[in-house]
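>>> generate a structure from the sequence data that follows.
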Amino acid sequence: MAEKPLEIYRDYPDNEAGDIRLASGMIFREMQLLNVLIIFLLTVVTVHAQRGYIHNGTALTFLVNSGRIPVLFWKMPVCVMFLVLCLLLLLSVPCNNHPELVAKLLLEYGISIWISALTGFGYTGMVMLLLADAMRYRIDWKKRLAYIILICVSYVAMSASEFRTYLNAVPIEQMWSYYRVDVRNMFLGVLNMLSLVNTLVFVLFMVVLTVSQTSEKERILRLNSLLQVANRKLEEYAEEQVRMTETRERNRLAREIHDTLGHSLTGIITGIEACIMLMDIAPEATKEQLRAIAEVARNGITDVRHSVNALRPDALETLDFKQALVKLVEESGKSTGVKIDFSCHESFENLDQDEEDVIYRIVQESITNAIRHGHASHIDIRISHLDNDIYIRIADNGKGCSNIQSGFGLHHMKERVEMLQGIISWNGDNGFIIEAKVPIRVTTEEES
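Prediction:
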């Protein structure tokens, strides 16, 4: 699984949590300025002490006492300035993932050690700046704890005399032995005071960042609560809309049945009763009445067809039949991720609406059953035309079913096919296979 990209806690000054995050960013920038000031003070005082040894002619004595050769006074400020600029640049670079953050911290730590070594390890508080940089990112508590432990261990290591000896660095106390005791103590006091201020600023940064993160979590929880309430209301509204839609549809169908079938059947029944009475008395009048009854039945069928047309899928109303099938297959495949192969070389130009409806519903219901019940990942649909019959074969690689119980879908498909005098069968031994033969009516131009 791909790792989520890291993100720095951004500033959103339009709310309380945003103001706190803005404050944490300002404190982090102040920490950078304070560290630069401390390094600048160390560099200036150390360079001045080196120049003093040279001008007083005590450089050899210093070298003998320290046992190490420091960096030349004119090289030291150039190197320190360059390293400080590199450190500030790294601090401003965002990271997209944890490997990048680890690599960035390693580079920052290496530069900090280099600066500390050049200045006699008089100041190691830059490690707090690196820890603050790592804490700005949205990382889980395990990684956060690992960063804290590693940087704390690094801080202790930089303060150890063995570490300084290994790097052959001249301690700041020996470097500043050029000054009188009172002057040296004053410089060390200022340095210790600035280091303490840096520590306090770091603690303040961590407190503000913690409050910011807590406020953001509370804000997210509030938003989640509001979203849950809104989702419940939307679900209730959707259910109410479904019920209202079902009620309107039932009322519409009731009106259609009453207005079409009710009227036609009433006329047919009345006409048949009249024919029974006239059959023996007036055969010719009976025939005329039967013709009228037949006309009423035809009109009733026409009205029923008009009502049924409103129940057809929209695709069959807006597209030709083959395009509607292709659209059904493509949308089903895209929405479910199931691979559906569709093979059909027929034009279907002379099918009646009820024939189109039956074939469309067979394909639609078969795809639904294969995905919902069979959990298939591949469906093969083949439609062919031979003589006056349409042959449909739909096979999937789902789990199949050895003991098939005809539910509403299969039962409804069977009823639709049998209404057109067709045949349908299914087999669930290896996946699920549906085969159907739907006869089509051949109409002459006069009938058309």
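
>>> other SSEs contacting the longest helix seen in the chain?
Within the chain, and with DSSP state H defining each element, the longest helix by residue count is helix 181-256. When contacts are defined as 3 or more CB pairs under 8 Å, 6 or more residues apart in numbering; DSSP states H and E, helix 181-256 packs onto helix 16-56, helix 126-135. Glycine gets a C-beta too; all of them are placed from N, C-alpha and C.

>>> gap between that helix and the chain center?
A distance of 18 Å separates the C-alpha centroid of helix 181-256 from that of its chain, computed with CA atoms, centre = their mean, to the nearest Å.

>>> and it with helix 16-56, angle?
Using axes from the mean of the first three to the mean of the last three CA atoms, to 10 degrees, one finds that helix 181-256 and helix 16-56 are set 160 degrees apart in direction.

>>> ok, then the element right after the lowest-mean-pLDDT helix or strand in the chain?
Across the helices and strands of the chain, the lowest-confidence element by mean pLDDT, DSSP states H and E is helix 59-66, at a mean of 63. Where DSSP states H and E defines the elements, the next helix or strand beyond helix 59-66 is helix 75-92.

>>> which other helices and strands contact that next one?
For helix 75-92, where contacts count as 3+ CB pairs under 8 Å, 6+ apart, the packed elements are helix 16-56, helix 98-118, helix 126-135.

>>> possible to save the ones you listed as CSV with mean neighbour count?
CSV is the format used below for the helices and strands packed on helix 75-92 (neighbours: other CB atoms under 10 Å):
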stretch, mean neighbour count
helix 16-56, 18
helix 98-118, 18
helix 126-135, 22
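
>>> so which of those helices is nearest residue 371?
When the helices and strands packed on helix 75-92 are ranked by proximity to residue 371, the top entry is helix 98-118, at 38.6 Å, counting by CB to CB.

>>> pull the CA atoms of stretch 383-396 into CSV?
Output for stretch 383-396, consisting of C-alpha atoms alone and laid out as CSV, is shown next (Å, rounded to 0.1, in the frame of the first residue of the first chain):
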residue,chain,number,x,y,z
ILE,A,383,-26.1,-12.4,-29.0
SER,A,384,-26.7,-14.0,-32.5
HIS,A,385,-29.6,-14.1,-35.0
LEU,A,386,-30.6,-17.3,-36.9
ASP,A,387,-33.7,-17.4,-39.0
ASN,A,388,-36.5,-15.8,-36.9
ASP,A,389,-34.8,-16.4,-33.5
ILE,A,390,-32.5,-14.4,-31.3
TYR,A,391,-30.0,-16.5,-29.3
ILE,A,392,-28.6,-15.1,-26.1
ARG,A,393,-25.7,-16.7,-24.1
ILE,A,394,-24.3,-15.1,-21.0
ALA,A,395,-21.6,-16.9,-19.0
ASP,A,396,-19.6,-15.7,-16.0
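
>>> now do the buried residues in that stretch.
Within stretch 383-396, the residues that qualify as buried are 383, 390, 392, 394-396, counting by 16 or more other CB atoms under 10 Å.

>>> which one of those residues is nearest to residue 273?
When these are compared for distance to residue 273 (CB to CB), residue 390 comes out closest, at 41.8 Å.

>>> find the helix or strand that the closest residue to residue 422 other than its chain neighbours is a member of.
Distances taken as CB to CB, 6 or more residues apart in numbering place residue 438 nearest to residue 422, at 4.3 Å, with adjacent residues excluded. Using DSSP H and E, residue 438 sits in strand 432-439.

>>> got the phi and psi for residue 342?
Backbone dihedrals for residue 342, given as degrees, to the nearest 10, come out at phi -120, psi 120.

>>> ok, it - contacts?
For residue 342, the contacting residues are 325-326, 329, 381, taking CB atoms under 8 Å, 6 or more residues apart in numbering as the criterion.

>>> restricted to helices, list those.
Filtering the contacts of residue 342 for helices - DSSP H - leaves 325-326, 329.

>>> may I see those residues organised as a markdown table, with pLDDT, neighbour count and distance to residue 97 added?
Formatted as a markdown table, the ones in helices among the contacts of residue 342 follow (pLDDT from 0 to 100; neighbours: other CB atoms under 10 Å; distance: CB to CB, whole Å):
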| residue | pLDDT | neighbour count | distance to residue 97 |
| --- | --- | --- | --- |
| 325 | 87 | 23 | 46 |
| 326 | 88 | 15 | 43 |
| 329 | 84 | 19 | 40 |
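
>>> which one of those residues is nearest residue 181?
Using CB to CB, those come closest to residue 181 at residue 329, 92.0 Å.

>>> shouldn't that closest one be in contact with residue 340?
Yes. Shown here, residue 329 and residue 340 form a contact pair, counting by CB atoms under 8 Å, at 5.1 Å.

>>> what residues are shared contacts of those two?
367, 381.

>>> quick one on the thing from earlier: residue 416: which of the helices and strands packed on helix 181-256 is closest?
Distance to residue 416, taken as CB to CB, is lowest for helix 16-56 among those, at 59.9 Å.

>>> show me what that closest one is packed up against.
Secondary structure elements in contact with helix 16-56, counted by 3+ CB pairs under 8 Å, 6+ apart, are helix 75-92, helix 126-135, helix 172-175, helix 181-256.

>>> give me that answer again for 7 Å
Under the contact criterion of 3 or more CB pairs under 7 Å, 6 or more residues apart in numbering; DSSP states H and E, the helices and strands touching helix 16-56 comprise helix 75-92, helix 126-135, helix 181-256.

>>> need the winner for burial among those.
For the helices and strands packed on helix 16-56, the stretch with the most neighbours on average is helix 126-135, a mean of 22; neighbours defined as mean count of other CB atoms under 10 Å.
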